[in-house]
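Q: give me coordinates for this.
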Amino acid sequence: MEKSFGLFFHLKKNRDFIEGELPVYMRITVDGIFTEISTKRKCDSNNWNVTAGRMSGKSESAKTFNAYLDTLQQKVFEAKRKLIETDKELTAESIKNLLLGKDTRKKYMVLEVFQYHNDQMAALVNQEYAPGTLDRYKTSYKHTQSFLKWKYKVPDVDIDKLNYEFITEYEFWLKSVRNCGHNTTMKYLANFKKIVIRCLKNGWLQKDPFIGFNMAKREVERTALTEHELQLLSAKSFSAERLSIVKDIFLFSCYSGLAYADVQKLKRSEIGIGIDGEKWIFIRRQKTDSSSRIPLLPPALQILERYTEHPQCKFGDKVLPVLSNQKMNAYLKEIADVCGITKNLTYHIARHTFATTVTLGNGVPIETVSKMLGHRNLKTTQHYAKILDMKVSEDMKNLKNRLCNK
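A: Have a look, this model is predicted:
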């Protein structure tokens with residue numbers, strides 16, 4: 001709703017005044033309520049034009065004096081416009097505070113807002129969020145905290161400091177000081193952007209600092225075991241029990257598509273009878289909280305049967321005796337060396353192997369594979385299809401044969 005507004009300059013007289021110079025004040029009135037600000041200038045009462053609110057005459061001193069008052073008047077209108085544009089309360093006092101540089105708004109600090117977000121997320125873990133999601137935001141918080149100390153030498157900053165430069169400097173810090181890859185950097189910045197969006201929606205931040213910033217990730221070639229490498233691994237026996245267990249658990253993921261976190265928490269009660277009368281896995285993926293229903297292939301079933309009497313599984317309602325992710329990856333490197341596999345064998349390769357070598361490479365439709373992997377978006381699954389050079393080779397050989405037989 002439009003408010004009445006008034007502005008004029010006047011000389012402020014005291015009780016003892018007779019004649020001479022008087023201080024010039026600026027009066028701002030909004031909806032009948034006014035406030036006054038000293039202009040830090042004086043004018044002889046005989047040279048003051050009350051109607052115009054300016055010094056009389058055309059002398060250079062009068063022109064300079066009045067130009068100064070014009071500048072102050074312009075600043076008042078700019079302050080008024082800024083308050084209206086930012087949806088802040090328009091009063092005579094708020095205009096005065098803005099002109100004098102007095103910020104009366106509540107200050108919101110970046111890390112305080114970030115911590116509040118994480119506290120709310122922690123309260124909703126296992127309801128709205130997976131534990132792993134909270135861990136990622138906790139790590140992002142620590143990175144932001146370290147960046148502020150590195151760049152600004154402060155424990156926290158006002159959200160008003162967030163601008164394009166802040167984001168680009170944060171990107172540089174993640175890539176240089178933290179030595180993060182491009183895609184990992186983008187993940188951390190995406191987490192931070194969620195905090196920025198919260199500030200924007202609450203009206204605490206006026207402009208999105210991410211505008212114009214390229215958040216695109218670079219395409220990464222996903223590694224998977226070939227059919228030959230999978231057979232090498234399956235056929236290999238180990239005298240060390242730890243290596244045998246790790247090999248079996250890794251192969252189970254190769255034939256089920258489960259990620260490490262999902263295998264680690266997999267319970268016996270999550271294996272049931274599917275629509276075809278065979279054993280299936282029925283879980284909700286920890287990473288995306290999406291449901292996965294996976295028919296168990298014979299190699300996966302054989303592995304499960306080997307561990308039905310294992311103490312850790314028998315008394316802990318676990319399907320497999322899964323070690324820590326760090327130990328699993330360390331032992332997988334030993335296994336790869338023994339088997340002559342030159343690829344950097346990590347646990348997540350098992351999931352890639354299921355998606356490509358075991359399923360897509362054997363003609364399973366990508367929509368079916370996507371459902372079993374628990375992907376929410378088919379585009380995520382399509383990344384796996386791009387590395388099927390062997391499948392492309394086989395398909396083209398079949399085409400060549402058909403063309404030759406015509």
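
Q: please count neighbours and contacts with C-alpha atoms only from this point.
A: OK.

Q: any stretches of this structure with poor pLDDT?
A: Applying pLDDT under 70 to the chain flags residues 1-2, 103-105, 220-221, 285-290, 384-392, 394, 406.

Q: each with direction, which strands does the top strand by length along it pair with?
A: Determined from DSSP state E, the single longest strand within the chain is strand 33-44. Applying DSSP bridges, strand 33-44 is found paired with strand 21-30 (antiparallel).

Q: make sure residue 294 is indeed in a strand.
A: Yes. Assigned with DSSP: H, G, I helix; E, B strand; the rest coil, residue 294 falls within a strand.

Q: between the two ends of stretch 127-134, how far is it?
A: Stretch 127-134 has its terminal residues 12 Å apart, counting by CA to CA, to the nearest Å.

Q: quick one: it to chain centroid distance?
A: 14 Å (CA atoms, centre = their mean, to the nearest Å).

Q: all helices of the stretch 251-400 of the chain, in order?
A: With DSSP state H, counting those that start in this stretch as the criterion, the stretch 251-400 of the chain has helices at 260-264, 298-306, 311-314, 325-339, 348-353, 366-373, 378-385, 389-405.

Q: let me have those helices in JSON lines, extended by mean neighbour count.
A: Formatted as JSON lines, the helices of the stretch 251-400 of the chain follow (neighbours: other CA atoms under 10 Å):
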{"stretch": "helix 260-264", "mean neighbour count": "18"}
{"stretch": "helix 298-306", "mean neighbour count": "15"}
{"stretch": "helix 311-314", "mean neighbour count": "15"}
{"stretch": "helix 325-339", "mean neighbour count": "16"}
{"stretch": "helix 348-353", "mean neighbour count": "24"}
{"stretch": "helix 366-373", "mean neighbour count": "18"}
{"stretch": "helix 378-385", "mean neighbour count": "16"}
{"stretch": "helix 389-405", "mean neighbour count": "11"}
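
Q: nearest to residue 10, of those helices?
A: Set against residue 10 and scored by CA to CA, the helices of the stretch 251-400 of the chain come closest in helix 378-385, at 69.4 Å.

Q: now the element after the helix or strand containing residue 81, going C-ward?
A: Using DSSP states H and E, residue 81 falls within helix 60-85. Toward the C-terminal end, the helix or strand that comes next after helix 60-85 (DSSP H and E) is helix 92-99.

Q: same for that following helix, what does it pack against?
A: Contacts defined by 3 or more CA pairs under 8 Å, 6 or more residues apart in numbering; DSSP states H and E place helix 92-99 against strand 21-30, strand 33-44, helix 60-85.

Q: and of those, who's closest to residue 404?
A: helix 60-85 (72.9 Å).

Q: sorry, back to before: residues in contact with the helix or strand just after the longest strand of the chain?
A: Counting by DSSP H and E, the next helix or strand C-terminal to strand 33-44 is strand 48-49. Residues from elsewhere that reach strand 48-49, judged by CA atoms under 8 Å, 6 or more residues apart in numbering: 54-56.

Q: of these, just say which sits nearest to residue 164.
A: Closest to residue 164, out of all of those and judged by CA to CA, is residue 54, at 43.2 Å.

Q: list phi and psi for the closest one.
A: With angles defined as degrees, to the nearest 10, residue 54 sits at phi -140, psi 170.

Q: OK, contacts around it?
A: 9, 48, 66, 69.

Q: max pairwise distance over these: which two?
A: The two members of the contacts of residue 54 with the most space between them (CA to CA) are 48 and 69, at 12.8 Å.

Q: domain assignment for this structure?
A: 5-99, 110-201, 227-398 (automatic domain parsing).

Q: let me have these in CSV, extended by distance to residue 404.
A: Below are the domains of the chain laid out as CSV (distance: least, CA to CA, whole Å):
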stretch, distance to residue 404
domain 5-99, 73
domain 110-201, 45
domain 227-398, 10
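
Q: closest one to residue 211 among these?
A: Among those, the nearest to residue 211 by CA to CA is domain 110-201 (7.4 Å).

Q: how near is residue 395 to residue 355?
A: 18 Å.

Q: quick one on the thing from earlier: okay if I get the helices of the stretch 251-400 of the chain as TSV plus distance to residue 227?
A: Below are the helices of the stretch 251-400 of the chain laid out as TSV (distance: least, CA to CA, whole Å):
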stretch	distance to residue 227
helix 260-264	21
helix 298-306	14
helix 311-314	30
helix 325-339	14
helix 348-353	9
helix 366-373	18
helix 378-385	15
helix 389-405	10
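
Q: which of those helices sits closest to residue 253?
A: Per CA to CA, nearest to residue 253 of the helices of the stretch 251-400 of the chain: helix 348-353, 5.4 Å.

Q: run through the neighbouring helices and strands of the closest one.
A: The contact analysis (3+ CA pairs under 8 Å, 6+ apart) places helix 348-353 against helix 241-256.

Q: so how far is the helix it packs on off the chain centroid?
A: Helix 241-256 sits 33 Å away from the centroid of its parent chain (CA atoms, centre = their mean).

Q: returning to what we had before: report the angle between the axes of the helix holding residue 81 and helix 92-99?
A: Using axes from the mean of the first three to the mean of the last three CA atoms, to 10 degrees, the inter-axis angle of helix 60-85 relative to helix 92-99 is 110 degrees.

Q: report all helices and strands that helix 60-85 contacts.
A: Here helix 60-85 touches strand 54-55, helix 92-99, going by 3+ CA pairs under 8 Å, 6+ apart.

Q: looking at these, which is buried most?
A: Of the helices and strands packed on helix 60-85, the one with the most neighbours on average (mean count of other CA atoms under 10 Å) is strand 54-55, at a mean of 22.

Q: strands paired with that one, and their directions?
A: Counting by DSSP bridges, strand 54-55 is paired with strand 48-49 (antiparallel).

Q: save the helices and strands packed on helix 60-85 as CSV, and put in distance to residue 79 too.
A: Formatted as CSV, those follow (distance: least, CA to CA, whole Å):
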stretch, distance to residue 79
strand 54-55, 21
helix 92-99, 6
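
Q: please identify which of those is closest to residue 152.
A: Taking the helices and strands packed on helix 60-85 one by one with CA to CA, helix 92-99 is closest: 25.8 Å.

Q: what's in contact with that closest one?
A: Contacts for helix 92-99 (CA under 8 Å, 6+ apart): 28-30, 33-35, 37, 75-76, 79-80, 83, 103-104.
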